[in-house]
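Engineer: Sharing a sequence plus its predicted fold:
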Amino acid sequence: MRAGPRTAFAIVALACAAALAAALVSQHVFEMQPCPWCVLQRLVFVLIGLVGLAGALSPRPMPWRVCAALAGALGAAGVAIALWQHFVAASSASCDLTLADRIMSGTGLDMALPQVFAAFASCADAKVNLLGVPYEFWSLALYAAMAAAAAWIWREAGARR
């Protein structure tokens, strides 16, 4: 039996929760302090996870398509953020008042949940490799997988109308 859109959405939500958990373990256990672009990526994972949860709970194809479109757009945004962090921000000694810093400050999440959404390092200081791969590329790969899953869900939901 093949998995349907609801199962795929549940997997997306769980993968986002795992990504956030990995980021928090990296920060709080291994003392890898995040920069503004890191915490912005966390926010995108939370948003994709919430969209995934909404899709998993919906019994109908039309909301699946809406959720798939949102998840796909957020996945693409996540890819862009990870690329920007790697190729631009990581070369900068300061990432104060960048777009990521302004977005996180604007949401108020950095003050409401500082243990999750506050930036404690500059972009250059937050440059870390995990198994020889830059940390942001792990995020990029997961964002790309989320966008691919969203495209698959979109197609499947259209076929079930």
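Structural biologist: Nice, I can see it. Numbers count the residues shown, from 1 in each chain.
Engineer: could you point out which element follows the lengthiest helix in the chain?
Structural biologist: The longest helix of the chain (DSSP state H) is helix 61-87. Once the chain leaves helix 61-87, the next helix or strand it forms, by DSSP states H and E, is helix 99-107.
Engineer: can you give me the angle that following helix makes with helix 61-87?
Structural biologist: With axes from the mean of the first three to the mean of the last three C-alpha atoms, to 10 degrees as the basis, helix 99-107 and helix 61-87 are set at 130 degrees to each other.
Engineer: For helix 99-107, list every residue counted as buried.
Structural biologist: Of all the residues in helix 99-107, those buried under the rule 16 or more other C-beta atoms under 10 Å are 100-101, 103-105. For the C-beta atoms, the positions are set from N, CA and C on the backbone; glycine is no exception.
Engineer: for that helix, packing partners?
Structural biologist: Contact here means 3 or more C-beta pairs under 8 Å, 6 or more residues apart in numbering; DSSP states H and E; on that basis helix 99-107 packs against helix 36-57.
Engineer: Next, the buried residues of the longest helix of the chain.
Structural biologist: By neighbour count on 16+ other C-beta under 10 Å, the buried set for helix 61-87 is 61, 64-72, 74-75, 77-79, 81-82, 84-86.
Engineer: Identify each buried residue in stretch 118-130, please.
Structural biologist: For stretch 118-130, the neighbour count (16+ other C-beta under 10 Å) marks 118-123, 125-128 as buried.
Engineer: how about low-confidence regions in the protein?
Structural biologist: Along the chain, segments meeting pLDDT under 70 span 1-2, 93-96, 161.
Engineer: which residue is nearest the middle of it?
Structural biologist: Taking C-alpha atoms, centre = their mean, the centroid of the chain lies closest to Phe45, which sits 2.7 Å from it.
Engineer: who are the neighbours in contact with Ala118?
Structural biologist: Counting by C-beta atoms under 8 Å, 6 or more residues apart in numbering, Ala118 touches 39, 104, 110-111.
Engineer: Now it. Its backbone dihedrals?
Structural biologist: When read as degrees, to the nearest 10, the backbone of Ala118 gives phi -90, psi 140.
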